[in-house]
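>>> Sequence first, then the predicted structure, then my questions.
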Amino acid sequence: MTRFAGYASVFHQPDGAGDVVLPGAFARSLARRGTAAVRMLWQHDRMQPIGIWEKAREDAHGLYVTGRLLTGVAAAREAAELISAGALDGLSIGFRALAAVKGEGGVRRHLTEIDLWEVSLVTFPEHPAARLTPLPAETAAR
């Protein structure tokens, strides 16, 4: 298994840090940077790129991504094995908040614009709904 898809961020639901991402928050960053410049990292370690994102787009639910692991990289082979075994299914975003509104009632802030740098495969995602699903090779390219 080297291809997968999932939600790296989910709209309108607080993450573990108390942030809520709002629809449209990724639009400018994705338009400016493009999917190819969003890095796929292992556990947010900038020294461990492990694959490439083929697609990153917002839909009504959140930031949906499809990508593939580069199995010539040792950490990517390990990630593929963990995903195949069901031991790893988390996604997490690395970003800088460009615009936010202060939240209330347990919400720290509502993020309205995000500069997205990377999406990592992680053991424990900050957002409980940020999960990946393995894809057959022919499905992921669509």
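Received the coordinates, thanks. Residues are numbered from 1 along each chain as shown.
>>> contacts and neighbour counts: CA atoms only from here.
Fine.
>>> What helices and strands are in contact with the longest helix seen in the chain?
What stands out as the longest helix in the chain, according to DSSP state H, is helix 74-85. Under the contact criterion of 3 or more CA pairs under 8 Å, 6 or more residues apart in numbering; DSSP states H and E, helix 74-85 touches strand 45-58, strand 62-69.
>>> looking at these, which is closest to V107?
strand 62-69 (17.8 Å; CA to CA).
>>> Strand partners (parallel or antiparallel) of that closest one?
Strand pairing for strand 62-69, using DSSP bridges, gives strand 3-10 (antiparallel), strand 45-58 (antiparallel).
>>> In the protein, where is pLDDT below threshold?
Counting by pLDDT under 70, the ranges of the chain that qualify are 1, 137-142.
>>> Mind telling me what element the most far-flung residue of it relative to its centre is part of?
Outermost residue of the chain with respect to the C-alpha centroid, by CA atoms, centre = their mean, is G105; its distance is 26.0 Å. For G105, there is no enclosing helix or strand under DSSP states H and E.
>>> ok, it to F11 distance?
Per CA to CA, to the nearest Å, G105 is found 17 Å from F11.
>>> out of the strands paired with strand 62-69, nearest to P128?
So among the strands paired with strand 62-69, strand 3-10 is nearest, using CA to CA, at 9.3 Å.
>>> So which bits of the closest one are buried?
If you call a residue buried by 16 or more other CA atoms under 10 Å, then strand 3-10 has these buried ones: 3-10.
>>> Would you enumerate the residues in contact with the nearest residue to R39 once chain neighbours are set aside?
Leaving aside its sequence neighbours, R39 sits nearest to E118 (CA to CA, 6 or more residues apart in numbering; 4.5 Å). Neighbouring residues of E118 by CA atoms under 8 Å, 6 or more residues apart in numbering: 38-41, 44, 93-95.
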